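Peer 1: Task: produce atomic coordinates for the following.
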Amino acid sequence: MRIAIVGNSGSGKSTLASQLAREHGLGLLDLDTVAWEPGKIAVAREPQAALAQVREYCSSTPRWVVEGCYAGLIRATLDEADLLLFLDPGVMACRANCHSRPWEPHKFRSPQEQDRHFHHLLDWVDAYYTREGDASLWEHQAVFDAFEGRKHKLRRRVSPEFVAALCLQTN
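Peer 2: This is a model prediction of the structure:
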């Protein structure tokens, strides 16, 4: 089972990926940990280094789930992926999920620091359907459309068991 998950911030990628990893014994790669310099807020890593790390992870880990909003990094998983999930529950669901998001210590040094960036996160979520670039609806749709393997665009929350059943259909 090798699953790539892409979607807007707040779409449920991390939640679903964590559940899948826990319930099915999968390795988990959150692309935020690859795209950004560790311990530095909003300092992007060298793109080629991030791509190399994703490719290495996918080729050396037999069972995994990789999640993130970076179309270019998701593309790097697709040679190895059994299933691509595109989560697109709509902006209101994404905003609601952001309001219930726990502290993310891999991104912020404290809950207070995360709270200071909250309004920026909501602006980012809102811009998903109009912005251009690697983390836009248009790029995510392009990744989804180009992938020739098993794929699903999901507009609502699904269970890890549902996703596991989708994976089994590929065999």
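
Peer 1: got the buried residues for the lengthiest helix in the chain?
Peer 2: Secondary structure of the chain per DSSP state H: the longest helix is helix 47-60. Going by neighbour count (16 or more other CB atoms under 10 Å), the buried part of helix 47-60 is 50-51, 53-54, 57-58. Any C-beta I mention is one placed from the backbone N, CA and C, and that applies to glycine too.

Peer 1: Kindly report the same for stretch 69-82.
Peer 2: 69-78, 80-82.

Peer 1: Where do the strands of the chain begin and end?
Peer 2: 2-7, 27-30, 64-68, 83-87, 150-154 (DSSP state E).

Peer 1: hmm, back to that, out of the buried residues of stretch 69-82, which are inside helices?
Peer 2: 71-75.

Peer 1: mind showing which ranges of this protein have poor pLDDT?
Peer 2: 39-43, 160, 168-171 (pLDDT under 70).

Peer 1: Report the contact partners of the spatially most central residue of the chain.
Peer 2: The residue lying closest to the centre of the chain (CA atoms, centre = their mean) is residue 68, at 2.1 Å. Listed by CB atoms under 8 Å, 6 or more residues apart in numbering, the contact set of residue 68 reads 5-6, 13, 30-32, 34-35, 74.
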